[in-house]
Each structure stands twice: as C-alpha cells, then as structure tokens.
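> could you look at this predicted model? Sequence included:
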Amino acid sequence: MPSAAVIVDVPTMQTNFPYSYAIPPELQAQLQPGMRVVVPFGSGNRQVEGFVVGLQDDDSKHQADDLKPITRLMDLTPVVNQELLALSDWLSQRTYSFRISCLLTMLPNVMKAKYQTTVAPVPPVQNQWLAKVFADQQELPLDQAHFTNREVARLTELRNQGQVQVHYHVKNQAKRKTEVAVVNQITDFSRCAAEIRKNATGQQALLRQLEQQPKTPLRQRELTKVPGISAAVIKTFADRGWVRKVTVEQYRNPYDQPRHPDQPQPLTPDQQRAVTPINKAIRDQQSTVFLLEGVTGSGKTEVYLQTIQQALDQDEQALMLVPEIALTPQMVTRVKNRFGDQVAILHSGLSNGEKYDEWRRINAGAAQVVVGARSAVFAPLPKVGLIILDEEHDPSYKQSDNPRYHTRDVAIWRAQYHHCPVVLGSATPSLESRARAEKGRYQLLRLPHRINQQQLPAIQIVDMTASSERYGDLVSQELVTAIQSTLTRKEQVVLLLNRRGFSSFMLCRDCGYVLKCPHCDISLTMHLDSQTMKCHYCGFETAIPNECPQCHSRHIRYFGTGTEKAEQQLQRLIPKARILRMDVDTTRKKGAHQRILSQFGDQQADILLGTQMIAKGLDFPNVTLVGVLNADTGLDLPDFRASERTFDLLTQVAGRAGRAEKAGQVIIQTFNPQHYAIQLAQQQDYEAFFRKEMQIRHLAGYSPYYFTAQITVSALVEKDAAQESYRILQLLQQNLAQTTEVLGPTPNPIARIKNRYYYQIIIKYKHDEQLAPTLTRVQAISQKEVRKGLRIAIDSDPVNFM
Ligand SMILES: Nc1ncnc2c1ncn2[C@@H]1O[C@H](COP(=O)(O)OP(=O)(O)OP(=O)(O)O)[C@@H](O)[C@H]1O
Ligand SMILES: [Zn+2]
Ligand SMILES: [Zn+2]
C-alpha cells in the first residue's frame, strides 16, 4: 500500500521530520504533495493537521499495515507547490525553525487552521451532572464559554473514569465567497440564433456573449451589466439547456483606487544601461543578482517597470517586494497604472479575506505581477521571470518571529530555482549588499544622476547644541525661517521627526555627549529598574551620571519627543501653516495613509510632519524643503548599524526635496554635527559612507566582515532566563571554533517585556563548521524547556539588537 510523508502541525524537535501514513484506497488517486491532511497523531490518536511533503510507493521499509491511515483530506488541490516545499526545507535549516512553521508561514492567515477541542459523554450517561450539562447535545466545545475551570476539573475526573471522551477537531477558517456563473452548452450557435425572436434583444445579446467566450464560465453579475441581459434572460437559456448554472469563487478587489493607465517612458541613458543587462539576464534565464544603486529621484521605478515588462513579454511573471507596503502607496499606484488587472497586491493592510483572494488569484496563475511586503516573497507564482526588492536595505525585510528569515535570502533562493535575475534597488544599499557587489558576487548597476539633470538638494546642518531655546526645543530659527519662505512661495514642506529608538538614553544638552561603552563603542542604555547605564553587547555597567562626564554640565536629559508635541510647537511658531501629521496614531484606520498623502498631494496642506513613514518613496513635485527635527535619536542606539540607519534615513528623507523642476533644500537639526554619518549624509555621498563604515566595521569586527547570530532566552522569572543563558553559553564555548567570539549573556535593554525577562547572547564568527550543529542543539534544548516557561529564540542573522 502506498504511503504519504506528512509534516504534522506539532512544532517540536521530535516531529521536525515527516511521518509516514497509509493512504486509504479512496484517497490514493487524489493525494498529492502540498495538500493538507488530517491525521491521527501520538498515542491518543488525536487528530492533527499536516502537510503531505512526499509520496512513497510501497517498499519494504514501511510495513503499510503498521502505518496509521490518513483520516481525511483538507484540500482538493495542493496549497503548497513543489518549489515552496523545497524552499520550506531549506528555510527551516537556515533559520533553525521547524518545518511546520515554515510551511505555515507561506500560507495566508485564513488557511491556517485552528483546533477545536470538544468533549462528549460516553453513553450510557449515568452521571446526573453530565446529563444536565449536555442535555441532548452529543458534544460541546471545551472552552471558557461552555465550562468554568471547576467544571473542567470535574470533566477531567470523569474522563479518568472513562465517562467522558475528548475530541480534537480541526476547524478550517477559510471562507470563500461564491457567486453564480453560467457555462455555455451550445455547440451550434447559428441554430440557436434562428430560434430566437428578432425582438428578443436580450437573448441575442447573451448569445453573442456566449459565442465570444464559449469556454469560460461567465459571471452572472458581470453579464447582467450588458444592456438587455437580465436574470430572466439567463433563466430562459438555462431552461432551454443552452447554459448551465454553476457557482464560482468570487474575488474581492482590494484595490479601489481609480486607475490612470500609463505608458513606458523613454529611458535616460543611465536607465538604459541598467535595463539592458537585466533584460538580457531575464531572456537568458540567468539568476544574476543585480544591485541597482540609484540616487534618490534617479528613476529606479521606471527600471523596475520596464524589466517587469520583459518578463511578461516572455510569458513569465514578476515578483516585486517593497517595504511594508502601506508606506509606499505611490509605488503600488505606479505598478497598477502600468500593468492593470494583472497585478495582485499583498500587504498587511488587507483583510484576511482580501489576502486570501489575492493569494488564490496568484496560485491559479491569474496574476502576472505581484507587489507585496515581506511575506509576499512566498507568493506561489508558477513561472517567476524576475524578482525585485525595492529599498533593499530596509530592516522590515527581516522577519522578527519564527521563522526569522530575510526576504533577500528567500528571493535569491527562488531566483536560483526559477533561473531568473534578482534586482536589489536602493539609494543607500545595505553594507552587506554593497560589499557583495564589490566582490563581484552581485552585479553593480548605478544611476548616479537625478532625472532631468535635477541636482540633489543642498543640505544645511543646524547645530542644536548652539540653538537658542526661544523657539522651543524642537525647531531652530533657521528651520522656521526656511519654512516661512517656502510657504510664501506656495511650495510644500516635509518634516521628519525621527522616532527610532526609545527615550532611555541620556544626552548632554550642552555638548551633545552621549555616554558610551568603553569596550564596544556603542552607547549605554539606561535601565531604570537597576538605576544603571548598561552596555547591551558586553554587559559593562555604570551608575547613571548626574552630570556630563565630558563638560560637567548638569544640563542632561532624556531624548525622545512625540509628533503631537512637535505639531503644537510648529503651529505656535507658524500660525498660518496647514499641517498634516502622519504617525502611528493618525494612520491607524484603513486607508488613512493614502488619504493623508493624497491630501498633501492635492496641496490641501503646507507641511507634512511625520515619523519614518514619510521618509521613503514619496514623489511630490511641489516639495522643496525637507527638515529633519532630530537626526540624532537613531545614532546612539546600542546597535552597530546605528550609523548606517541614520545615514540611510537622512539620505532617503532628503531625497524627497526638489524632485521635479524646482530645486530642493534640506535642513538637518542635530546635536552631533561632526558625526561622519551626518556629514556624509549632508554630502549625499553613499560611496564615501560605504568606505568609511566598512573600515569601522572591519576594526570592530562586525558585519559584513563577520557574521552574527543571536540567541535570546526569556523566562517569567529572571533567574531562570539568566541560568539558562549561562548554560547555553557553556555549550557554545565548548563547541564553537576558537576564532568565534561569544558576547554576553546580557539582559536586554528593556529587561522585561510583557512580564518576561530577556537575556541575549551574540555570536560573531567568520567560518565555523560547528555553528550549525551547535545551534541545532540549542534549538533542541529550546523545545524541551518550553514547558518550564523558558523560551529560546535563535536568529541566524539579526538586523536588530534590541
Ligand atoms: N525616463 C524618464 N523620463 C522622464 N521622467 C522619468 C523617467 N524615469 C523616471 N522619471 C520620473 O522621475 C521621478 C523620480 O523617479 P523615481 O520615483 O522612480 O525615483 P527613485 O529612483 O525611485 O527615487 P527614490 O529612491 O527617491 O524613491 C518620477 O516622478 C518619475 O516619474
Ligand atoms: Zn556635556
Ligand atoms: Zn560593551
């Protein structure tokens, strides 16, 4: 008897490989890898969900008689294709996560099943309480709505006595909406035409529709939009046997913006030099990785669109990834305008139902271009011809929960599978990518100029340590003056309030000094619970100073301010300004993003004041002034990428100014005017920043010279987290190579989150054969300890250290 290899939905180390199940005869014809099934599992044979990952014909290895049979099938077609099955295998090894988590990550939320546990009395029911509770019902869900804790305890007893049974039901949440469609049954259209009366125009219209598309089911809702065709006409046809009524799945359309079709623009010579090699790679089926390094406003989008076109021309599909998509509605609009209904959009702003609809369209091969945020990298496109990652340096490409994957790695894996190129685009590529281009592993393509010979905007730095407080602590006189003259010219302003980081570090208001770790050159973080400043990397600790160690001023303070406060100060300074605020509070409602941006685009406001979400991708021709209220907050984070993030952010936001005919101006307010990240952002010199930062990373032994891995241990009791992390430390020290450095364990800067205490260990390594097996052992421990309330997370390539 043939058997199926099934990964069960029980995320443990012991179940992290396929189990064999017998395939019941009635399912043998239908069962395919990638389908979900319900199988009995464990000694209690509880019913769990699982993925079929392979089929085996009968061989001596498996005595089919010993195998438990599959209970039932959950899908009529595979929900995970062969490619994604293989990808899940690779992903679980790469990220030290369970295969089941990887498989589930690839599915839209609504398809992730939930279990429902029910209880049922075993007849004949003798216990009076049972009889009363169940009355005439066979079973009841074992949940709070039906049973109190005391009743549950009582049920437990009864179960031990054999009077009650427990069942596990898999409850599939996917809800499809359906609608009525008609399928043509006519073979001889002229004969039918002869039967229709001349004045029955509705019937004639319907006949024409059928004749045009005799093979496709036509949706009744669409058909009745055609003049003359009514439900009655359709019924007449059905009665005559000319059409058959069927129900088809209804797709919801998540994109309700009006579309303005546009045409490809003639390329500039720079753009042409980028498009040519990419298109060649698409034609030649080369899985080259291109790094498209183009200054802000250099027309990267047009390069993406014209290379996507090349893939479509070859009957292949394109996958375009963008940072959290709600933040870049302009990009979505552009792709949609160019490619229309062929585009499917996947992002977190969609409801689960909408995501499911888009996913099904993609899976069915009905979408040719997919635009989406991180998880869209798993979009089940059957024939990928091109993958694009816009703003490839963006930290949101890294998933912070299991499986902790980086979108770029998955994109490159898929490109190799499909023999197609990847384009990584950015004005400020990640150091890692730029370094790979330097080594020739990626092919570097540069767009060094803005479109229309427009200059990059001039950037002025305002030293806030010298700024008078008369204007409030947020806005300098220089910035107020510049805003006023911009408004007089009827032009617009974008103001960034940098909210990266948290207000728990201290800054000297007089000299700009920030307390740093003597061993790590990373700022110390304040821990209010212990009243100390701690190094997040090595554990160094010192008392919270009450005066500046450098200039002895007592004028030190927390950093961190809200957008609301900034808005008030601005309004007071410039009463006539119309200010739009964009932050997590004003964008909570669905569509709020798009609405604020279109208001700003329609000149209904003078100033767009916002957090990081305004820094990227916006293309408004009337914006000529960009102001950064506080360039520093990100600089002093305890993260070796702090300078890179700051440089990226300043360059990106500066790039919003002067993108069309009018020249742009940028003002950056900072307490660290001498810092190289700020100075090089002023010069908008990415290449210089890259070289400088590479030297620093080299000296300090960080990425891209070293790889890092991070282990985070958390527990409800701090001592448990500490003890466990020291046990892991020992395991690491005993097994890892001499050249590998292990830092920590140290408590996290926010030591307690949601009542859990966090400790972390950082591993820095170059080549270490022992790393993967050792981390796999840690993964195995992590699983055992779950019961004690301990959690261990492994991140094989962390992008955040907080
Ligand atoms: N070949 C072209 N001819 C005319 N205009 C173009 C051309 N290519 C791009 N543009 C226009 O130039 C502007 C800037 O292009 P785009 O937004 O793609 O820049 P970008 O490189 O993505 O910048 P950023 O990194 O700042 O988002 C857009 O308004 C776009 O329509
Ligand atoms: Zn000082
Ligand atoms: Zn340190």
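Here it is on my side, so go on. Here the structure is a predicted model, which means the values were calculated and not measured. Numbers count the residues shown, from 1 in each chain. Ligands and ions are numbered 1, 2, ... in the order given.
> for the stretch 301-450 of the chain, what spans make up the strands?
317-321, 343-346, 369-372, 384-390, 422-426, 443-447 (DSSP state E, counting those that start in this stretch).
> dump those strands to CSV, plus mean pLDDT and mean neighbour count.
For the C-beta atoms, the positions are set from N, CA and C on the backbone; glycine is no exception. Formatted as CSV, the strands of the stretch 301-450 of the chain follow (pLDDT from 0 to 100; neighbours: other Cβ atoms under 10 Å):
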stretch, mean pLDDT, mean neighbour count
strand 317-321, 97, 27
strand 343-346, 90, 24
strand 369-372, 95, 26
strand 384-390, 97, 26
strand 422-426, 97, 27
strand 443-447, 97, 19
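> out of those strands, nearest to residue 678?
strand 422-426 (19.5 Å; Cβ to Cβ).
> my guess is residue 640 contacts residue 702, does it?
Yes - applying Cβ atoms under 8 Å as the test, residue 640 and residue 702 come out as touching, 4.6 Å apart.
> please name the nearest non-neighbouring residue to residue 18.
Using Cβ to Cβ, 6 or more residues apart in numbering and skipping the chain neighbours, the partner closest in space to residue 18 is residue 5 (3.6 Å).
> sorry, slip of the keys, the one I care about is residue 684.
residue 456 (5.0 Å).
> the closest residue to ligand 3 within the stretch 1-150 of the chain: how many residues sit nearby?
Nearest residue of the stretch 1-150 of the chain to ligand 3 (Cβ to the ion) works out as residue 96 at 26.1 Å. Residue 96 has 23 neighbours, counted by other Cβ atoms under 10 Å.
> repeat for the one 3 residues further on
Applying the criterion other Cβ under 10 Å, we find 23 residues in the vicinity of residue 99.
> quick check on it: phi, psi?
phi -60, psi -40 (degrees, to the nearest 10).
> go ahead and confirm it touches residue 89.
Yes - in terms of Cβ under 8 Å, residue 99 counts as a neighbour of residue 89; the distance is 6.8 Å.
> what number of residues are in the vicinity of residue 432?
Look at residue 432: counted by other Cβ under 10 Å, it has 17 neighbours.
> ligand 3 versus the residue nearest to it when sequence neighbours are not counted, what's the distance?
Closest residue in space to residue 432, ignoring its immediate chain neighbours: residue 704 at 4.6 Å, by Cβ to Cβ, 6+ apart. Per Cβ to the ion, to the nearest Å, residue 704 is found 21 Å from ligand 3.
> and the closest residue to ligand 3 within the stretch 251-400 of the chain, how close does it get to residue 648?
Per Cβ to the ion, residue 395 is where the stretch 251-400 of the chain lies closest to ligand 3, at 22.2 Å. The gap separating residue 395 from residue 648 is 9 Å, by Cβ to Cβ, to the nearest Å.
> now swap in residue 222 and tell me
Distance from residue 222 to residue 648, by Cβ to Cβ: 47 Å.
> residue 84 too?
Distance from residue 84 to residue 648, by Cβ to Cβ: 32 Å.
> which residue is nearest the centroid of this structure?
With distances taken as Cα atoms, centre = their mean, the residue of the chain nearest its centroid is residue 374 (3.0 Å).
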